[in-house]
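Enquirer: Below: sequence and its predicted model.
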Amino acid sequence: MEILSVKNVKKHFGGVKAVDGCSIRIETGTVMGLIGPNGAGKTTLFNLISGFEKGSGEITFKGMRTDKLPPFKIARCGMVRTFQIPRALSKMTVLENLLLAPKAQHGERIWNVWLRRKSVQMQENTIKEKSREILEFFEISHLEDEYAGALSGGQKKLLEMARAIAIDPSLMMLDEPFAGVNPTLARKITGYIDELREGGMTFFIIEHDIPAITKISDKITVMSEGKVLTEGTPDEIRSNPDVLNVYLGGEG
Ligand SMILES: Nc1ncnc2c1ncn2[C@@H]1O[C@H](COP(=O)(O)OP(=O)(O)OP(=O)(O)O)[C@@H](O)[C@H]1O
Ligand SMILES: [Mg+2]
């Protein structure tokens with residue numbers, strides 16, 4: 001069954017056709033890679049799907065049109081994304097960053113705090129437990145009380161993923177999870193993605209590290225100049241001369 005369907009999506013910035021008529025379908029429980037040279041429109045496509053930019057075309061997530069919805073509503077439907085530059089709240093601790101992430105917290109509504117103090121208290125405890133489990137999964141429990149701003153680049157990437165998981169997503173969109181990450185951590189991240197996928201999660205992953213993305217993806221979409229150049233299995237993509245050409249062309 002398909003979880004995400006993108007049909008003829010476009011976003012132009014003045015004369016720049018950042019995304020110029022893209023169509024992509026992702027099957028539930030699979031990993032779709034997204035590659036292409038710098039400026040191909042990959043991040044803009046993620047922004048459109050997650051609602052951070054509005055353009056034209058149709059986006060359907062779990063059978064529901066989402067292209068007119070704001071980002072927080074799309075997230076509540078179970079779609080999360082991370083950013084090319086991590087956006088964790090630097091003046092808060094790692095644990096606090098996670099506590100803020102879960103959706104539908106009773107404590108968010110001030111009247112609930114008065115009316116249902118007890119249930120809010122209980123829910124906060126559960127959220128804390130759940131947050132700690134997530135930190136354990138990503139092996140960053142020891143950083144619980146560190147300020148997010150003090151983390152290394154790789155640790156920030158893990159915190160971004162941890163925050164995304166905290167909202168119980170069914171689709172995780174990662175923008176360059178391996179960029180600036182050392183090989184040991186990259187292997188770990190690959191392991192986390194594999195494990196989450198085995199648990200039924202779907203992934204859509206932008207990545208420049210071709211060996212890494214071909215290893216974890218079921219299928220790969222190649223973008224060039226705002227368009228989908230081709231889509232196929234990692235083997236098909238590796239042996240497609242057009243793909244090599246856009247990369248060589250992109251580097252002059
Ligand atoms: N907010 C914006 N305003 C104007 N132009 C933009 C904006 N965002 C992106 N662009 C342009 O749209 C094109 C696609 O950019 P985008 O960031 O989506 O590419 P990308 O494939 O993610 O590249 P990279 O691999 O370098 O991250 C580029 O030419 C970029 O300069
Ligand atoms: Mg990008």
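Expert: Good, I have the coordinates. Please read these numbers as outputs of a predicted model, since none were measured by experiment. Ligands and ions are numbered 1, 2, ... in the order given.

Enquirer: Show me the strands in the stretch 1-150 of the chain, by range?
Expert: In the stretch 1-150 of the chain, the strands defined using DSSP state E, counting those that start in this stretch lie at 2-13, 16-27, 31-35, 56-61, 64-65, 79-81.

Enquirer: Export the ones you listed as JSON lines, with columns for mean neighbour count.
Expert: For glycine as for every other residue, the C-beta is placed from the backbone atoms N, C-alpha and C. Output for the strands of the stretch 1-150 of the chain, formatted as JSON lines (neighbours: other Cβ atoms under 10 Å):
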{"stretch": "strand 2-13", "mean neighbour count": "17"}
{"stretch": "strand 16-27", "mean neighbour count": "18"}
{"stretch": "strand 31-35", "mean neighbour count": "24"}
{"stretch": "strand 56-61", "mean neighbour count": "17"}
{"stretch": "strand 64-65", "mean neighbour count": "10"}
{"stretch": "strand 79-81", "mean neighbour count": "25"}
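
Enquirer: and those strands as JSON lines, adding distance to ligand 2 and mean pLDDT?
Expert: Below are those laid out as JSON lines (distance: least, Cβ to the ion, whole Å; pLDDT from 0 to 100):
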{"stretch": "strand 2-13", "distance to ligand 2": "13", "mean pLDDT": "97"}
{"stretch": "strand 16-27", "distance to ligand 2": "10", "mean pLDDT": "98"}
{"stretch": "strand 31-35", "distance to ligand 2": "10", "mean pLDDT": "98"}
{"stretch": "strand 56-61", "distance to ligand 2": "18", "mean pLDDT": "98"}
{"stretch": "strand 64-65", "distance to ligand 2": "25", "mean pLDDT": "96"}
{"stretch": "strand 79-81", "distance to ligand 2": "12", "mean pLDDT": "92"}
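
Enquirer: tell me the centre residue of the chain?
Expert: M173 (2.3 Å; Cα atoms, centre = their mean).
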